[in-house]
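[1] Sequence and predicted structure are below.
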Amino acid sequence: MDKDLICVGAIMGAYGVRGEVRLKSFCADPAAIENYSPLTTEAGDSYELKLVRSVKGGFGARLSGVADKEAADALRGTKLYTRRADLPNLPDDEYYHSDLIGLEVLDTGGAVLGKVTAVQDFGAGDILEIYGKGMKEAALLPFTMANVPTVDLAAGKVVIDPPEGLFLAVKEG
């Protein structure tokens, strides 16, 4: 995926029978997704977006060229992207998820623990998913200043101070 593209939303399925989609926005201000139209898919398709109404978990929206329920259903699971240049600049202590994914993870002593494989948000704040050699499953670490005191995008790394035992619990035994 082009690093110049940032995922700002996803199509959750059809909404009604007239071609509207149910849209989940990943923007800090969910309605701001409309400001980044046209949006692009991983396949390179481009859609003009118009939010129509709020619905549970997102919005009912119209996409250019999507005229019926079948076309809207066919887009279920499609992620929508905008160019990084179209997004606002972030303060020094905020990051786009795509910037964190792939960063090397070191502990405060400099030992390499793995890489950030995903950033999750289950409603209580961002969580780094970290996977490394010898781990049978990913470690999940809340993305807080206490747990992640250093993010160095230029060097491609984060320094973490995980709770004691977190990485022992996910190592192969």
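    Thanks, I have it. Numbering: from 1, shown residues only.
[2] tell me which residues of stretch 41-59 are tucked away?
    For stretch 41-59, burial by neighbour count (16 or more other C-beta atoms under 10 Å) applies to 47, 49, 51, 55, 58-59. The way it works is simple: take the backbone N, C-alpha and C, and place the C-beta from them, glycine included.
[3] and what of stretch 76-90?
    Under 16+ other C-beta under 10 Å, the buried positions of stretch 76-90 are 78-82.
[4] Rounded mean pLDDT for that stretch, please.
    For stretch 76-90, mean pLDDT rounds to 91.
[5] Stretch 9-29 now?
    92.
[6] so which of the buried residues of stretch 76-90 comes closest to Gly123?
    Distance to Gly123, by C-beta to C-beta, is smallest for Lys79 among the buried residues of stretch 76-90, at 19.7 Å.
[7] who's in contact with that closest one?
    Contacts for Lys79 were tallied using C-beta atoms under 8 Å, 6 or more residues apart in numbering; they are 7, 9-10, 41-42.
[8] which regions of the chain lie under the pLDDT threshold?
    1-2, 168-173 (pLDDT under 70).
[9] In terms of residue numbering, what are the domains of it?
    What automatic domain parsing lists as the domains of the chain is 5-86, 97-169.
[10] if we take the buried residues of stretch 41-59, which one ends up nearest to Ile101?
    Distance to Ile101 across those (C-beta to C-beta) is lowest for Gly58, with 22.8 Å.
[11] what sits against the nearest residue to that closest one once chain neighbours are set aside?
    Once flanking residues are discounted, Gly58 sits nearest to Lys24: 4.3 Å by C-beta to C-beta, 6 or more residues apart in numbering. For Lys24, the contacting residues are 9-12, 57-58, by C-beta under 8 Å, 6+ apart.
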